[in-house]
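> sequence first, predicted model second:
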Amino acid sequence: MTSLSDSDTTGAVVSALRAAGCVFAEDEAELILTTARTRDELAAMVARRAAGQPLEHVLGWAEFHGLRILVEPGVFVPRRRTEFLVDQALAQAPGAAVVVDLCCGSGAVGAALAAALGDAELHAADIDPAAVTCARRNIAPYGGHAHTGDLFDALPAALRGRTGILAANVPYVPSGEVGLLPAEAREHEPLVALDGGGDGLDVLRRVAAGAREWLAPGGCVLVETSEHQTEDAVRAFRRAGLTTRVAVSEELYANVVIGVRD
């Protein structure tokens, strides 16, 4: 049988992806070719990508913080910039014994934190049942627990006052700007994972207001936001009685607001 990665096949895949507007056609072709197990599967994957589905949904996985995270259709795709939030959490609370991944999506943040910490108790929660099902698979290797519900309502009451790291990758796109997102996001990812309300900070404010009672002394809550939302986000954290700072990665275009329970 001819190899899926022979030069003719590779060239055909690259050409199909390039014709569909994929900027990194060569890189994407390599990933698809190494993931597909048969020619029929290869053809189906190329067709799905050419039709505009996110590459991670086509592959069934995304690379995140050194891990291969399972990503199912209809679930928010973890962004590389969110690795910066993970790094900030580990730097702030390197000995955290309890980790909560709120608005968890695929559970990528929780899995990455648990992998780095080694033996932390891990909980992930999301309002979207499809996300929770996906997250459950990704956090299972770390003994993680997945919960369905609206923010803190989803969490076991026993976590109150015990959480060392509360990572909340909240939606922060203003409602009026969702339509400006790339088609991959607005057509294939759940609206609840993108739309942050009028100014994009509705969910962030709710997380800030409720975080303190769930944090252990010295515990931290971290959220990602855009540069122009940072000032309002910091205000929300400080109103909630949290010692607050902002970390920025210009390389990843990442802005993370960090609140600590003193």
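Looks like it arrived, so ask away.

> alpha carbons only for contacts and neighbour counts from here, please
Will do.

> which other helices and strands contact the helix or strand containing I32?
Secondary-structure assignment from DSSP states H and E places I32 in helix 25-35. Where contact means 3 or more Cα pairs under 8 Å, 6 or more residues apart in numbering; DSSP states H and E, helix 25-35 is packed against helix 7-19, helix 39-50, helix 55-59.

> distance between the second one and the chain's centre?
I take that to be helix 39-50. 25 Å (Cα atoms, centre = their mean, to the nearest Å).

> what's the angle from that helix to helix 7-19?
If you take axes from the mean of the first three to the mean of the last three Cα atoms, to 10 degrees, helix 39-50 sits at 20 degrees to helix 7-19.

> buried ones in helix 39-50?
Buried positions in helix 39-50, judged by neighbour count with 16 or more other Cα atoms under 10 Å: 42, 45-47, 49-50.

> next one: the first one
Burial within helix 7-19, assessed by neighbour count using 16+ other Cα under 10 Å, is assigned to 9-10, 13-18.

> again with stretch 212-223
Neighbour counts over stretch 212-223 (16+ other Cα under 10 Å) mark 212, 214-216, 218-223 as buried.

> looking at the buried residues of helix 7-19, which is nearest A167?
Closest to A167 out of those is L17 (35.5 Å), distances taken as Cα to Cα.

> tell me who's in contact with that closest one.
25, 29, 46, 49-50 (Cα atoms under 8 Å, 6 or more residues apart in numbering).

> what bridges to A167?
Beta bridges link A167 to D101, L222, judged by DSSP bridges.

> thought it was touching G219?
No. Under the criterion of Cα atoms under 8 Å, A167 is not in contact with G219, lying 10.8 Å apart.

> follow-up on the earlier one: average model confidence for the helix holding I32?
Helix 25-35 shows a mean pLDDT of 96 in the predicted model.

> correct me if wrong: L215 contacts F152.
No. At 11.8 Å, L215 does not count as touching F152 under the criterion of Cα under 8 Å.

> the stretch 51-200 of the chain: helices as residue ranges?
For the stretch 51-200 of the chain, the helices defined by DSSP state H, counting those that start in this stretch cover 55-59, 83-92, 108-117, 129-139, 183-188.

> I'd like the ones you listed as TSV, with distance to R245, mean neighbour count and mean pLDDT appended.
Formatted as TSV, those follow (distance: least, Cα to Cα, whole Å; neighbours: other Cα atoms under 10 Å; pLDDT from 0 to 100):
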stretch	distance to R245	mean neighbour count	mean pLDDT
helix 55-59	32	21	97
helix 83-92	11	19	98
helix 108-117	20	25	98
helix 129-139	29	22	98
helix 183-188	29	16	94
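
> export those to a markdown table and tack on distance to E231?
Formatted as a markdown table, the helices of the stretch 51-200 of the chain follow (distance: least, Cα to Cα, whole Å):
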| stretch | distance to E231 |
| --- | --- |
| helix 55-59 | 33 |
| helix 83-92 | 18 |
| helix 108-117 | 24 |
| helix 129-139 | 30 |
| helix 183-188 | 26 |
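
> ok, which of the ones you listed comes nearest V246?
The nearest among these, by Cα to Cα, is helix 83-92 at 10.0 Å.

> could you give the angle of that closest one to helix 108-117?
Per the same axes, to 10 degrees, the angle that helix 83-92 makes with helix 108-117 is 40 degrees.

> quick one: mean pLDDT over the helix or strand hosting V257.
Using DSSP H and E, the element containing V257 is strand 254-260. Here strand 254-260 scores 98 as its mean pLDDT.

> may I have the phi/psi pair for the residue nearest the centre of the chain?
For the chain, the residue nearest the mean C-alpha position is P78 (3.5 Å; Cα atoms, centre = their mean). Main-chain torsions, P78, degrees, to the nearest 10: phi -60, psi 130.

> T244 contacts D262, correct?
No. Between T244 and D262 there is no contact under Cα under 8 Å: 10.4 Å.
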